[in-house]
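Novice: Take this sequence and fold it.
(2 chains)
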There are 2 protein chains.
Amino acid sequence: MISVAEATRLVFSTVGPLPAETVALPQAAGRVLREPLHADRDFPPFDRVAMDGIALRFAALEAGQRAFSIARTQLAGQPPLPLEEPQAAVEIMTGAALPAGTDTVIRYEDLVFTSEAGRRVAAVQVLPPAPGHNVHRRATDRRQGDLLLPAGTLLGPAELGVAATIGAGLVTVARRPRVAVVSTGDELVPIDQTPLPHQIRRSNGLMLQAAAQQAGAVAELFHFDDDPAALRQGLPPLLREFDAVLLSGGVSKGQADFLPAALQDAGAEQLFHEVRQRPGKPFWFGRHPAGAVVFALPGNPVSTFVNYYRYAAPWLRAVQQPALPMLPVFHAVLATDVVFRPALTHFLLVRLVSAPDGRLLAYPLDRTQNSGDLASLLLADGFVELPAERETFAVGEAVPVWRFRY
Amino acid sequence: MISVAEATRLVFSTVGPLPAETVALPQAAGRVLREPLHADRDFPPFDRVAMDGIALRFAALEAGQRAFSIARTQLAGQPPLPLEEPQAAVEIMTGAALPAGTDTVIRYEDLVFTSEAGRRVAAVQVLPPAPGHNVHRRATDRRQGDLLLPAGTLLGPAELGVAATIGAGLVTVARRPRVAVVSTGDELVPIDQTPLPHQIRRSNGLMLQAAAQQAGAVAELFHFDDDPAALRQGLPPLLREFDAVLLSGGVSKGQADFLPAALQDAGAEQLFHEVRQRPGKPFWFGRHPAGAVVFALPGNPVSTFVNYYRYAAPWLRAVQQPALPMLPVFHAVLATDVVFRPALTHFLLVRLVSAPDGRLLAYPLDRTQNSGDLASLLLADGFVELPAERETFAVGEAVPVWRFRY
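Specialist: Have a look, this model is predicted:
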């Protein structure tokens, strides 16, 4: 039996980057970039007018001029014609390119307009502090060639906006991980069947499929009975065709726990079996030389779920985004004392609350933790990880937290 | 000009629940339940064996018996036959229903097996503390008829697992909000075009589309030039056919800012125009009597993005899940002093870090905030909301935070 730290190390030793593929930008949301994207122009690409008003020469104001006749109006999207008369001004709109011959924008709020001899005249009421006022100068944000989005960036809404601005209509991203989700257990019947008194419906498969999809994977569902022949026939194609196989159940020491042997018969190499942790001690992990990594999770729903988030979800993220850390970057403060005597790392379900003082508080679930109690997951936002070396943890102590919800 | 609080109140005054629809459970991930789901049986539905080992009568142990002959083996999924011989035991696996005539399970680790006269015999090495040991008793988690998932629950992986367990193969959920994302501005060219020197590519539309999809919406993209005739023709169908119309640009006081008038010409009622906030003062909000709610966001990318997350994203969530709070439930601690003199609510872009002491720290972005600097969003995880009534905010102060990323 190995420690959680060693199990984590072994799981992450199997991380390799998935192949890249090219997709249209709108389809790249939630995907991870595999190429760096650079600024194709300066940002802004021109001296950009930042307020609606008039563009003029600051030197004219410095010389004491206050009233400016309006030579013409320039909207955003119109090519900027130079201002020919140095004493005049261009009425101009936000987003327009500043015309040559002007260097400063006075906003409408600081102007009074009158009409003189059929021509509009703007009188400046509030003097700008310096040339360049209300002008977003070319290249002040980024320069042409600057790296904007490094390879490895997760493409969210802001990243898509930046990629659109630089004309990246097609982008190279990591292929989505392909995951086979496999439930095992003769006691499990499909969702649409009425179970006999000693049977229950399959729930882990759908739960893991939804969770893997949240991690960016494409996940397909399979079910095998506790039957060595069925496993011998069913497992090899999954081990060949998928990036990861997530199993639940069949990994304990019981007489129907055929999975470890069946996985090895099918060519998977065991990297570990049993981890000093609760829940999820019987967790089996291995890899097939043809490619699939195998997370054989214990079958009790809470064990399945917690171990998926502790080991498989970070793996699914990491094969897309290899720079990600193995350990969570979130910490929470225990809202109660916790005592846990076994010499096991304890994954304790908690409800998370952001306190008005900015601390993230972790409230352990009241109900005695029971790895068969699927419904307890409804109340949990995640779990804290309490090290095996200690038995008591005091209210107010900060500990690493893994989150199911956001 | 109204306050942020009043703007929030008016935005939320337009929240009404979307119609319901029925979908297959696997397609319900990320959707919001519109019907309560109850336990169809007790949880567990039978006295469930929690460890691999043997099932026996605790009374036999109390009477001094230690060696038990194995009458038969029972796997999970097999109907439980009663134990006929009170001095014998049933070898039994996790997940099986406890046989009548037994009340306690001894795990393999606490047994030694021998063979006597061709029959296997298990000798108990460690006595259980009480009857019921290693048995997960029927109905200890939930009782038949208990409410498991109330209407209004967001269906994540755990909720799908619970719904599967109770056989909810079809579920009634809120329809996804239908959103039209509209960019305006003559200076904007499509992503796949090379802009002229005074033009830029469209980026807000794709950004808002991806963000609305993250909020559970189905979002379609549209673009209109700054042309009253194009708006007069294009807006009415959107106002009739969508639940929400998200516009960006065209709402300032400039000469090409035709949107407020065009929206009102198209039958939309203005609820407010201009909010005491930065960025995003020109935000226009209204509603069409036929249904669509209109968020006309300022066009500068940072304004668009921040105001989307401040007003539109909570609205999109709330029409699916009406019990949600209007205000964020997250707080962060300022990592630096902040001074902001205008009498405006300040939405300040921050990077968020979970500190090892469990506090969420908000680092204001270094770069002078500039609502035209789209690339600054790449560094931001969200924004803090600093009230208009104060000018100085001290390092260590906890303030409300809105998050873009998770």
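Novice: okay, CA-based contacts and neighbour counts for the rest of this
Specialist: Noted.
Novice: okay but A:A50 is in contact with A:G95, surely?
Specialist: Yes. When contacts are counted by CA atoms under 8 Å, A:A50 is listed as touching A:G95 (6.4 Å).
Novice: between those two, who's got more neighbours?
Specialist: The neighbour comparison of A:A50 against A:G95 (other CA atoms under 10 Å in any protein chain shown) goes to A:G95, with 31 against 25.
Novice: Mind jotting down where the helices sit in chain A?
Specialist: Here chain A has its helices, by DSSP state H, at A:4-13, A:58-62, A:157-165, A:204-214, A:228-241, A:259-265, A:301-307, A:313-320.
Novice: nearest spatial neighbour of A:L37, skipping sequence neighbours?
Specialist: Counting by CA to CA, 6 or more residues apart in numbering or on different chains, A:L37 lies nearest to A:L149, which is 5.1 Å off, once chain neighbours are set aside.
Novice: buried sites along stretch A:99-107?
Specialist: Neighbour-count burial for stretch A:99-107 flags A:99, A:101-107 (criterion: 16 or more other CA atoms under 10 Å in any protein chain shown).
Novice: so who does A:L33 touch?
Specialist: Residues in contact with A:L33 (CA atoms under 8 Å, 6 or more residues apart in numbering or on different chains) are A:150-155, A:171-174.
Novice: try 10 Å
Specialist: Counting by CA atoms under 10 Å, 6 or more residues apart in numbering or on different chains, A:L33 touches A:20-22, A:149-155, A:159, A:171-175, A:320-321.
Novice: Now restrict the residues you listed to buried residues only.
Specialist: A:20, A:149, A:151-155, A:159, A:171-175, A:320-321.
Novice: Please identify the most buried of the helices of chain A.
Specialist: helix A:157-165 (a mean of 28; mean count of other CA atoms under 10 Å in any protein chain shown).
Novice: The spatially most central residue of chain A bridge partners, please.
Specialist: In chain A, the centroid-proximal residue (CA atoms, centre = their mean) is A:L154; its distance is 6.3 Å. Note on A:L154: beta-bridge partners by DSSP bridges are A:V32.
Novice: what about it, distance to B:A215?
Specialist: From A:L154 across to B:A215, the span is 17 Å (CA to CA, to the nearest Å).
Novice: same question, A:A229
Specialist: 45 Å.
Novice: got it, and A:A24?
Specialist: With distances taken as CA to CA, A:A24 is found 21 Å from B:A215.
Novice: So those two - more neighbours on which side?
Specialist: Neighbours per residue, other CA under 10 Å: of A:A24 and B:A215, the larger number sits with B:A215, 22 against 12.
Novice: contacting residues around the more buried one?
Specialist: With contacts defined as CA under 10 Å, 6+ apart, B:A215 is in contact with B:30-31, B:176-177, B:209, B:309, B:312-318, B:320.
Novice: what stretches of the stretch 1-150 of chain A score poorly on pLDDT?
Specialist: For the stretch 1-150 of chain A, no stretch has pLDDT under 70.
Novice: Any idea which residue of it lies closest to chain B?
Specialist: For the stretch 1-150 of chain A, the residue closest to chain B is A:G77, as judged by CA to the nearest CA, at 3.4 Å.
Novice: My understanding was that that residue contacts B:G185; is that so?
Specialist: Yes. The pair A:G77 / B:G185 is scored as a contact, 7.4 Å apart, by CA atoms under 10 Å.
Novice: Mind listing the shared neighbours of the two?
Specialist: Taking CA under 10 Å, 6+ apart as the criterion, A:G77 and B:G185 both touch A:95, B:199-200, B:225-226.
Novice: Need the max-distance pair from the residues you listed.
Specialist: Maximum pairwise distance among those (CA to CA): 14.8 Å, between B:I200 and B:D226.
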